[in-house]
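Q: with the sequence up front, the predicted model follows.
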Amino acid sequence: MKRLFSAILLVASFLTLSACEADRMSEKGFSLPAGNAMSGKEAFIYMHCHECHTIVGEELPALVRSEPPFVQLGGKVTRVKTYGELVTAIINPSHKLAKGYPLDVITNDGQTKMPVYNGYMTVQELIDIVTFLQPHYDVFVPQYEYRIYP
């Protein structure tokens with residue numbers, strides 16, 4: 001009986017510890033403080049993000065060196081661009097490349113042409129830029145026609 005209890009306790013401990021390890025990389029509990037959209041727009045311009053990006057519904061200052069094509073941010077999308085996705089797109093731009101653009105325009109050797117600003121951007125600037133960008137996405141449900149086969 002004592003051995004059975006010890007074995008059950010050992011298995012329960014192992015399962016508990018392995019569950020902790022699996023949850024270590026979870027986004028649960030991850031939360032950044034609220035941002036300021038106006039400061040985000042200022043940071044977006046200050047960091048010259050508008051050299052390569054346009055934002056639907058935003059007038060941004062013209063740059064002398066800017067040449068299309070630009071990667072458009074915002075606009076109509078078929079699913080919500082989450083806070084986490086926007087943070088990831090900024091701090092790890094090669095994680096997911098923009099669709100609809102020729103690869104030679106947005107990549108160098110399979111990596112995005114977007115510079116990684118992690119060593120230059122403050123956490124507050126990141127938060128503010130995400131707060132500025134998120135409301136520019138307009139989610140719509142695409143209309144599909146489904147054929148019914150007899």
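A: Right, received. Where do you want to start?

Q: quick one: residue 90 and residue 128 touch, right?
A: No - between residue 90 and residue 128 there is no contact under Cβ atoms under 8 Å: 11.1 Å. For glycine as for every other residue, the C-beta is placed from the backbone atoms N, C-alpha and C.

Q: separation between residue 37 and residue 100?
A: According to Cβ to Cβ, to the nearest Å, residue 37 stands 26 Å off from residue 100.

Q: compare these two (neighbour count), which wins?
A: Shown here are residue 37 and residue 100; by other Cβ atoms under 10 Å, residue 37 has more neighbours (16 against 8).

Q: who's more crowded, residue 90 and residue 128?
A: The neighbour comparison of residue 90 against residue 128 (other Cβ under 10 Å) goes to residue 128, with 23 against 20.

Q: which element, helix or strand, includes the more buried one?
A: Using DSSP states H and E, residue 128 sits within helix 123-133.

Q: just the residues contacting that helix, thanks.
A: 32-44, 47, 49, 55, 73-74, 81, 83, 86-87, 90-91 (Cβ atoms under 8 Å, 6 or more residues apart in numbering).

Q: which stretches of the protein form strands?
A: Ranges of strands within the chain are 53-55, 71-73, 75-77, 107-108, 111-112, 137-139, based on DSSP state E.
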